[in-house]
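>>> I'll drop the sequence and a predicted model, then ask my questions.
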Amino acid sequence: MTTHDTDRADAVPAVTVSVVYHSVHGHTQVLAEHLADGARLVPGARVHLVEIRPEDVVAGRWRDAGVMALLERSDAIVFGCPTLMGSVSAVFKAFMEAAFTPFTMQAWKDKLAGGFTMSASQSGDKLLVLQELAVFAAQLGMQWIGVGDMPGNNWSGGTRDDVNRLGSWLGLMSQSHADLGPEQAGSRGDLVTARRYGERIARLTQRWVNAVPYETPRMTEHETRALSAAIAAPDAGPAAVTGA
Ligand SMILES: Cc1cc2nc3c(=O)[nH]c(=O)nc-3n(C[C@H](O)[C@H](O)[C@H](O)COP(=O)(O)O)c2cc1C
């Protein structure tokens, strides 16, 4: 089992958020890391970053008892993988099929869920992957959380740095140019959107599990464009700007 864990239990009650992802060349991993960083902003959030590894797939079956035990005690699970041939990656699908056991026990019922995917094309049929992940979560009886941001890059002044620049709500979409390495994964806007989505999931988990008060953050289109402009500013980085 490969996990990178953070414990920010503080004085508030704890929730456990696990971000489970597969990445072939590292682009999806960057997205997962930013999503986890956003979740870590929430007091009490214990965030686990869990990589699904091809070496744990043997004869078509993925197995890792440690990961499954962690997921069973998680309050929220976020699923992510690259879009490959218009579908979830094969390694991640092997993980999904291994969830047949918790499915039979309804072990993940009423945990919160979310999903993300990365691809090279602007569309690349990423919606199909998010639909697969959402149906998977529904089969497990989970409660799905979508992206809560207005769309970006949908007007003449829009850029790749915009928040939610691919205009996806079912889950988080990001796009990486096929000739660039993971150090240039996605766009600044995608990484900020990932952090915002991670924070949203962790805050909603705190409300769902511990009834921690949560005031729904609302941003007008105008405010969203101002945030996108801040992300595009030369000195700004995704770590510095979230608009939260
Ligand atoms: C076998 C294969 C299939 C792919 N299929 C798609 C696709 O259907 N749509 C798309 O936009 N990109 C596709 N891509 C590009 C990947 O989604 C893209 O390179 C992504 O950044 C890989 O993420 P990773 O570095 O986390 O593995 C494909 C790449 C490979 C190698």
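That came through fine.

>>> ok now do the single nearest residue of the chain relative to the ligand, which residues does it touch?
Per CB to the nearest ligand atom, Gly124 is where the chain lies closest to the ligand, at 2.1 Å. For the C-beta atoms, the positions are set from N, CA and C on the backbone; glycine is no exception. Neighbour list for Gly124: 83, 86, 175 [criterion: CB atoms under 8 Å, 6 or more residues apart in numbering].

>>> Present the residues you listed as a markdown table; the columns should include neighbour count, distance to the ligand and pLDDT.
Below are the contacts of Gly124 laid out as a markdown table (neighbours: other CB atoms under 10 Å; distance: CB to the nearest ligand atom, whole Å; pLDDT from 0 to 100):
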| residue | neighbour count | distance to the ligand | pLDDT |
| --- | --- | --- | --- |
| Thr83 | 25 | 5 | 98 |
| Gly86 | 14 | 4 | 98 |
| Gln175 | 23 | 7 | 98 |
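
>>> Helix, strand or coil: sort out Gln131 for me.
Here Gln131 is recorded as helix under DSSP: H, G, I helix; E, B strand; the rest coil.

>>> can you give me the strands for this structure?
Ranges of strands within the chain are 2-7, 15-21, 45-51, 57-58, 61-62, 76-84, 87-88, 112-119, 143-144, 172-175, based on DSSP state E.

>>> right, and these - which one's nearest Ala202?
When those are compared by CB to CB, strand 45-51 sits nearest Ala202, at 4.4 Å.

>>> Residues of this protein that sit close to the ligand?
Counting by CB under 6 Å from any ligand atom, the chain comes close to the ligand at 23-28, 82-86, 118-121, 124-125, 176, 178.

>>> If anything else comes up later, I'll come back, but that's it for now.
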